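Q: I'd like to go over a predicted model; first the sequence, then the structure.
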Amino acid sequence: MSGTKLYEGKAKILFTTDDPHILLSRYKDDATAFNALKKGTIANKGEMNCAIASHIFQYLETQGIATHFIKQVSPNEMQVAAVQILPIEVVVRNIAAGSICKRLGLAQGQPLKQPLVEFFYKNDDLGDPLITDAHVSMLDLATPEQVTQLKQLALDINHHLQTFFERCNLILVDFKVEIGSDANGHLLLADEISPDTCRLWDKAIADPTARILDKDRFRQDLGNVAEAYQEVMKRVLATIS
Ligand code: C5P
């Protein structure tokens, strides 16, 4: 049962519940890219991403990562802890792809020497610009302690996700996470982990287009978008936590 709509994002809607500490997150089939300049739907995406994210949140919990996930309550809905989302999108990259290639002239697919953590200011009007620690401090987006915690948490999540996706025969190229602060000030992994928020390449395929199993298929009009999500879901759900 859902209560009042609290917030509608591009891919999910958050509802209140009878418990002020618990929210209901409903995953949508809507897909957007390039700060919503490109819009569409991916058949069954809501259910697929909800299933994938539920499984991965539970896996990460077993590895000691605190998440907002409580339980999946329907094919496209999960209960989550009510948190204050920090206005920072935290991106971790293992291989160069997407915006870093444009920004720094790196070749798509070039492995990075070590995982790179980047912060983006979560602000649609500004197009989510890349920011430094100094900007985070200047804009009061997080405390210096939270910045240190965010970076470590992002690297820990990357480590566990790499291990998990390796078992799915998938390469974790990069991903974005959002972090929330609970009533006690503890940082929890929030939002979602799915092919909307991760670049995932099929390890068994060398062809640079055919191996893409994530939202880049939608962004770049590569076709077989829902099929790619389906494939990721199949492998994720078959991988024991
Ligand atoms: O576009 P960019 O290369 O910076 O994206 C890095 C990673 O963050 C990709 O996996 C992308 O799917 C994810 N991302 C996201 N939401 C955004 C921006 C990026 O999930 N608003």
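A: Ah, there it is.

Q: switch to C-alpha atoms for all contacts and neighbour counts from now on
A: Noted.

Q: close to the ligand: what parts of this protein are there?
A: Contacts of the chain with the ligand, taken as CA under 6 Å from any ligand atom, map to 91, 97, 98, 99, 100, 174, 175, 176, 196, 197, 198, 199.

Q: in strands, which of the residues you listed appear?
A: Judged by DSSP state E, the subset of the residues of the chain next to the ligand located in strands is 91, 174, 175, 176, 198, 199.

Q: before we move on, back to that, list buried residues within the residues of the chain next to the ligand.
A: 91, 97, 98, 174, 175, 176, 196, 197, 198, 199 (16 or more other CA atoms under 10 Å).

Q: can you tell me what sits against the strand or helix carrying residue 166?
A: Using DSSP states H and E, residue 166 falls within helix 144-167. Helix 144-167 is contacted by residues 60, 63, 65, 90-92, 115, 117, 133, 137, 171-172, 177, 179, 236, 239 when judged by CA atoms under 8 Å, 6 or more residues apart in numbering.

Q: try 7 Å this time
A: For helix 144-167, the surrounding residues in contact (CA atoms under 7 Å, 6 or more residues apart in numbering) are 60, 92, 117, 171, 172, 239.

Q: check contacts around residue 173.
A: Applying CA under 7 Å, 6+ apart, the residues near residue 173 are 93, 94, 95, 199, 200.

Q: make TSV out of the residues you listed and add pLDDT.
A: Below are these laid out as TSV (pLDDT from 0 to 100):
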residue	pLDDT
93	99
94	99
95	98
199	98
200	99
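
Q: can you give the contact residues for the strand ranked longest in the chain?
A: Identified as the longest strand of the chain according to DSSP E is strand 111-121. Strand 111-121 has contacts (CA under 7 Å, 6+ apart) with 87-96, 128-132, 151.

Q: cool, stretch 12-27 as well?
A: When contacts are defined by CA under 7 Å, 6+ apart, stretch 12-27 is touched by residues 2-8, 11, 28, 46-47, 50, 76-82.

Q: picking that back up, list just the nearest of the contacts of residue 173 to the ligand.
A: residue 199 (4.4 Å; CA to the nearest ligand atom).

Q: got the contact list for the closest one?
A: Residue 199 neighbours (CA under 7 Å, 6+ apart): 172, 173, 174, 175, 214.

Q: partners of the residue lying closest to residue 187 once chain neighbours are set aside in the sheet?
A: Distances taken as CA to CA, 6 or more residues apart in numbering place residue 181 nearest to residue 187, at 4.6 Å, with adjacent residues excluded. Residue 181 has the following beta-bridge partners by DSSP bridges: residue 84, residue 187.

Q: quick check: residue 181 touching residue 84?
A: Yes. The pair residue 181 / residue 84 is scored as a contact, 5.1 Å apart, by CA atoms under 7 Å.

Q: so between those two, which is more surrounded?
A: Using other CA atoms under 10 Å as the criterion, residue 181 and residue 84 rank with residue 181 on top: 19 against 15.
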